[in-house]
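> sequence and predicted structure are below.
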Amino acid sequence: MKVVIINGKGESGKDTVVDISEIYSQLTVYNFSSVDIVKRAGHLLGWGNEKTAKDRKFLADLKKLSIEYNDQPTNYLLYAIKNTEEESLVFCHIREPSEIKKLKNKILEEDLNIEVTTVLVKRDDQIFGNDADDLSEQYDYDFTILNDNDIYDLRLRVLDFLKNINVPT
């Protein structure tokens, strides 16, 4: 199993990178986000699937509370990883550098025989007004995928990335 912790500001193309990986990878691809569980709670509190700056800040703040209360975002991702098939490529979306480090360390501590790679998808320098987006580049990633051209160029960059982490294509 290969786990890719993927990050980037909103609208940088993270899900597009996952979609392209699914096309080229011979492994089954899974796509999880540390905010999945937070979105469920957000719905109960009236969040309506919007992605405005106000919505992004709400989810980021709610996630922060969940991390402080019971570390649920990391626990959710660990559970998801452990319940996928062995021959797979698992993408885990995490925005906060401290949370990236935490998940990577927990996987290593539990000796799950999983290769972990971190990747930043970078498009532009837009400011969102929340730490989850605005501090996303403050981690020492293993790889960076620039999404600064067209979809064909991005496909080539993702294919190159997959080859670099030894994913059969």
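Structure's in. What do you need? Not measured: the values here are computed from a predicted model.

> other SSEs contacting the host helix or strand of residue 19?
Using DSSP states H and E, residue 19 sits in helix 14-24. Other elements packing on helix 14-24 under the criterion 3 or more C-beta pairs under 8 Å, 6 or more residues apart in numbering; DSSP states H and E are strand 2-7, strand 28-33, strand 88-93, strand 115-122, helix 151-164. Yep, even glycine has a C-beta here, placed from its N, CA and C like the rest.

> list the buried ones in it?
Buried residues in helix 14-24, counted by 16 or more other C-beta atoms under 10 Å: 14, 16-18, 20-21, 24.

> make JSON lines out of the residues you listed and add distance to residue 165.
What follows is the buried residues of helix 14-24, written out as JSON lines (distance: C-beta to C-beta, whole Å):
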{"residue": "14", "distance to residue 165": "16"}
{"residue": "16", "distance to residue 165": "18"}
{"residue": "17", "distance to residue 165": "12"}
{"residue": "18", "distance to residue 165": "14"}
{"residue": "20", "distance to residue 165": "14"}
{"residue": "21", "distance to residue 165": "10"}
{"residue": "24", "distance to residue 165": "12"}
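
> can you lay out those as TSV showing distance to residue 169 and pLDDT?
Converted to TSV, the buried residues of helix 14-24 look like this (distance: C-beta to C-beta, whole Å; pLDDT from 0 to 100):
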residue	distance to residue 169	pLDDT
14	19	96
16	17	97
17	14	98
18	15	98
20	11	98
21	9	98
24	5	97
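
> residue 83: which of these is nearest?
residue 18 (18.3 Å; C-beta to C-beta).

> from residue 127, how far off is the closest one?
25 Å (C-beta to C-beta, to the nearest Å).

> again, but for residue 16
21 Å.

> where does the chain have low pLDDT?
130 (pLDDT under 70).

> can you list contacts of the longest helix seen in it?
In the chain, assigned by DSSP state H, the helix with the most residues is helix 53-70. Applying C-beta atoms under 8 Å, 6 or more residues apart in numbering, the external contacts of helix 53-70 come out as 10, 34-35, 37-39, 41-42, 45, 47, 72-74, 95, 99, 128-133.

> now with 6 Å?
The list of residues contacting helix 53-70 from outside it, by C-beta atoms under 6 Å, 6 or more residues apart in numbering, reads 35, 38, 42, 72-73, 128-130, 132.

> most widely separated two among the residues you listed?
Maximum distance among the contacts of helix 53-70 (C-beta to C-beta): 24.0 Å, for 72 and 129.

> more neighbours: these two, which one.
Just comparing residue 72 and residue 129: by other C-beta atoms under 10 Å the higher neighbour count belongs to residue 72, 16 against 11.

> so what's that one up against?
So residue 72 contacts 37, 66 (C-beta under 6 Å, 6+ apart).
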